[in-house]
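Novice: Pasting the sequence and the predicted coordinates here, then a few questions.
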Amino acid sequence: MNNVSRLENLQLGDNNFIGELPDDICFGNALEYFFADGNHFTGHIPQSLKNCTSLFRFHLDRNQLTGDIAESFGVHSNLSYIDLSSNNFYGEISEKWGQIHMLTRLNISNNNISSAIPPQLGNAILLRQLDLSANHLTGKIPKELSTLTLLFKLLLGNNNLSRSIPSELGNLSSLEILDFSSNNLSNLWIHSQRN
C-alpha cells in the first residue's frame, strides 16, 4: 500500500480477510480512519499503525490479533476512538493511555488482559464510554475514574475485580449504563456525594 500515501480513510470491516495486517498500513502518515473489524486478521499490530500520529479513529475488534496490549498502540494526541475488543491481546493496560486527552471511547473488552485498572485512566477526561469487560482484571476499581464526568457507559463486568466500589463513582452524573457483574466486589452501594 506504499503508493497510496494520501489515504485518510480505509474501511475493510466485515469481510473474510485473513493473515496479518500490512506493515505499511499507515504509509505517509495521513490515515485518520481505519476500520478492519469483523475479519480474521492475526498477528500483531504493525509498527506503522502504532506510530500513526494522524490516526483519529480505529476499529480492530472481532479479529484474532494478539500482542501485549500495553505495547500495541502509542499515545497519539488525535486519537478519539479505540476498539480492540474481541481479540487475543494480553498484558497490562498502560497508564500512558490516560495521556490520550482526546479519547472519547475505549473498548478493549473480551481479551486476555490481566492487570489492575490504572488510576491514570481518570486523566482521559473526555471519555464517554469505557469498556474493559470480559478480561482478567484484578485489584480495586480506582476512585480516579470519578473524574470522568462525561462518562455515560462504564462496563467492568466479568473480571476479577475486588474490594469496595468507590463511593466517588456516585458523582458520575452522566452515567447511563453501569456493569459490575461477575466480579468479587463487596460493596453494592453507590451514592452521590453532592448536596
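Specialist: Yes, it's here.

Novice: State the next helix or strand along the chain beyond the helix-or-strand element of the chain with minimal mean pLDDT.
Specialist: Across the helices and strands of the chain, mean confidence by mean pLDDT, DSSP states H and E is lowest for helix 47-50: a mean of 84. Next helix or strand after helix 47-50 toward the C-terminus (DSSP states H and E): strand 57-59.

Novice: what residue ranges in the protein score low on pLDDT?
Specialist: Scanning the chain with the threshold set as pLDDT under 70 gives 1-5, 188-195.

Novice: can you do 80?
Specialist: The chain contains residues with pLDDT under 80 at 1-5, 27-28, 72-77, 187-195.

Novice: Any chance you could list what contacts the least confident helix or strand of the chain?
Specialist: Helix 47-50 has contacts (CB atoms under 8 Å, 6 or more residues apart in numbering) with 21, 23-27, 34, 55, 58, 71-74. Backbone N, C-alpha and C define where each C-beta goes, glycine included.

Novice: okay, those residues in CSV with distance to Asn107 next?
Specialist: Compiled in CSV, the contacts of helix 47-50 are given as follows (distance: CB to CB, whole Å):
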residue, distance to Asn107
Leu21, 18
Asp23, 25
Asp24, 26
Ile25, 20
Cys26, 21
Phe27, 27
Phe34, 15
Leu55, 16
Phe58, 11
Glu71, 18
Ser72, 14
Phe73, 13
Gly74, 18
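
Novice: Which of those fall within helices?
Specialist: With DSSP state H as the criterion, helices contain none of those.

Novice: Determine which two of the residues you listed are furthest apart.
Specialist: The widest separation within the contacts of helix 47-50, taken as CB to CB, falls between Phe27 and Glu71 and amounts to 21.1 Å.
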